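In: starting from these lines, generate the structure:
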Amino acid sequence: MRLRTCLAAATLACLSVAALAQGFPSRPIRVVIGFPAGGPLDQHARLLTDKLQAVLGQPVVVDYKSGAGGTVGAQDVMKAPPDGHTLMLANTGVMVINPALYSRLPYQTLKDFTPVARTAMQPLALLVNPKLPAKTLPEFIQYARAKPGQVNFGSAGNGGISHLVPEMFKTATGLFMVHIPYRGSAPAFTDLMAGQVQFMAESIPQAAAYHKQGKVRALAVTSRQRNPALPDVPTAIESGLKGFEVVGFYGFLAPAGTPKDVVAKLSDAFGQVLQMPEVRERMVSQGADPAFLGADAFAAFLATEMPRWATAVAQSGAKLD
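Out: Numbering: from 1, shown residues only. As a prediction, the model looks like this:
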């Protein structure tokens, strides 16, 4: 009797999950971003949500929960009902850098969230002040090696991707450069153009615009292939740094425990949207490469990225409370 009761309860649970997936979505979907409106993640969200609601048949609403490097937004999603109606759009920092950077982070990416879809990869450009004699990445490496501790690199702040990519570059080349952290990328970029710092890793759109104006010099991009916005700039790998591929990424996650059928339906919807030519063209113009991964592949990707970025954080010495 007891066994029959347990089997009946299990069957009912499976049926309820199947019914949830079949009727999903039954109301608007909320996409939480852990940063203020107007930034790159917001642009990415607006591009995708317009098309996503047509595929899913429900409105998709963007909700900003900024604070603590995306942590506030992550907590909001982590505590939401795991029914697929609340998602988080996150970047490299929120997903794989914060867990190594913050000593008291209130979430664990692969424990508290269910990966839904990776939607974009975002390479960076390695830049120098145009007054430097180095015209190529090997020439810069030779220049910096001859001046240990005399070359500064700027970043948008401790522990961010613009800090960690140069740290990875230092490790790959054995260079000794001094990190100058700023409060945001804008003042760091201003000082790069003025020559107060000599080196920087920056997103492709800004890098391309100022490289073409001659205000900075792009030596290499950090992706495996050349970037359409900087077609004449080689990759770091082409320039002699074997295996040096360091690219940021965007992705959507749901609360842990979200039913697999619901996750699959969401993942398929993102896949459809990312196949649309107009979406792909606009994404590239925003400096991101369309790079869809479904739920399982995205989970595997995160599992490999987390230790890689944890190593970069540890080598940089960055730590935040």
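In: so which bits of the lengthiest strand in the chain are buried?
Out: For the chain, the longest strand by residue count, based on DSSP state E, is strand 113-122. By neighbour count on 16 or more other CB atoms under 10 Å, the buried set for strand 113-122 is 113-122. All C-beta spots, glycine's among them, are computed from the backbone N, C-alpha and C.
In: strand partners (parallel or antiparallel) of it?
Out: Strand 113-122 sits in its sheet next to strand 248-255 (antiparallel), strand 289-293 (antiparallel), going by DSSP bridges.
In: mind listing the helices for the chain?
Out: 2-22, 40-56, 71-78, 92, 98-101, 109-112, 137-145, 161-173, 185-194, 204-212, 260-274, 277-285, 295-316 (DSSP state H).
In: what does the third one rub up against?
Out: Pointing back at helix 71-78 there. 32-35, 64-67, 86-88, 90, 94, 98, 102, 105-107, 112-113, 253-256 (CB atoms under 8 Å, 6 or more residues apart in numbering).
In: list only buried entries from the residues you listed.
Out: Taking 16+ other CB under 10 Å as the criterion, what is buried in the contacts of helix 71-78 is 32-35, 64-65, 86-88, 90, 94, 98, 102, 105, 107, 112-113, 253-255.
In: from those residues, which ones fall inside strands?
Out: Here DSSP E is the test, and the buried ones among the contacts of helix 71-78 give 32-33, 64, 86-88, 90, 113, 253-255 as lying in strands.
In: next one: residue 301 from residue 249, what distance?
Out: From residue 301 over to residue 249 the distance is 8 Å, taken as CB to CB, to the nearest Å.
In: what do these two both touch?
Out: Listed as contacting both residue 301 and residue 249 by CB under 8 Å, 6+ apart are residue 118.
In: neighbour count: the two, which is higher?
Out: Of the pair residue 301 and residue 249, residue 249 is the one with more neighbours under other CB atoms under 10 Å, namely 23 against 18.
In: ok, and the closest non-adjacent residue to that one?
Out: With CB to CB, 6 or more residues apart in numbering as the criterion, residue 249 has its nearest non-adjacent residue at 5.1 Å, and that residue is residue 121.
In: what does residue 207 give?
Out: Going by CB to CB, 6+ apart, residue 207 has residue 125 as its nearest residue, at 3.7 Å.
In: how many residues are close by that neighbour?
Out: Neighbours of residue 125 (other CB under 10 Å): 29.
In: number the residues from 25 up from this point.
Out: All set: I'll call the first residue 25, so the last point we hit is now residue 149.
In: quick check: bridge partners of it?
Out: The partner list for residue 149 in beta bridges (DSSP bridges) reads residue 226, residue 245.
In: my guess is it contacts residue 244. True?
Out: Yes. The pair residue 149 and residue 244 passes the contact test of CB atoms under 8 Å, sitting 7.3 Å apart.
In: intersection of neighbour lists for those two?
Out: Counting by CB under 8 Å, 6+ apart, the shared contacts of residue 149 and residue 244 are residue 257.
In: tell me where the model's unsure across this protein.
Out: 25-45 (pLDDT under 70).
In: swap the cut-off to 50 and go again
Out: 30, 34, 37-39, 41-43 (pLDDT under 50).
In: still on that earlier bit, turn the buried residues of strand 137-146 into CSV, including distance to residue 101.
Out: Formatted as CSV, these follow (distance: CB to CB, whole Å):
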residue, distance to residue 101
137, 7
138, 10
139, 12
140, 11
141, 15
142, 17
143, 16
144, 19
145, 22
146, 21
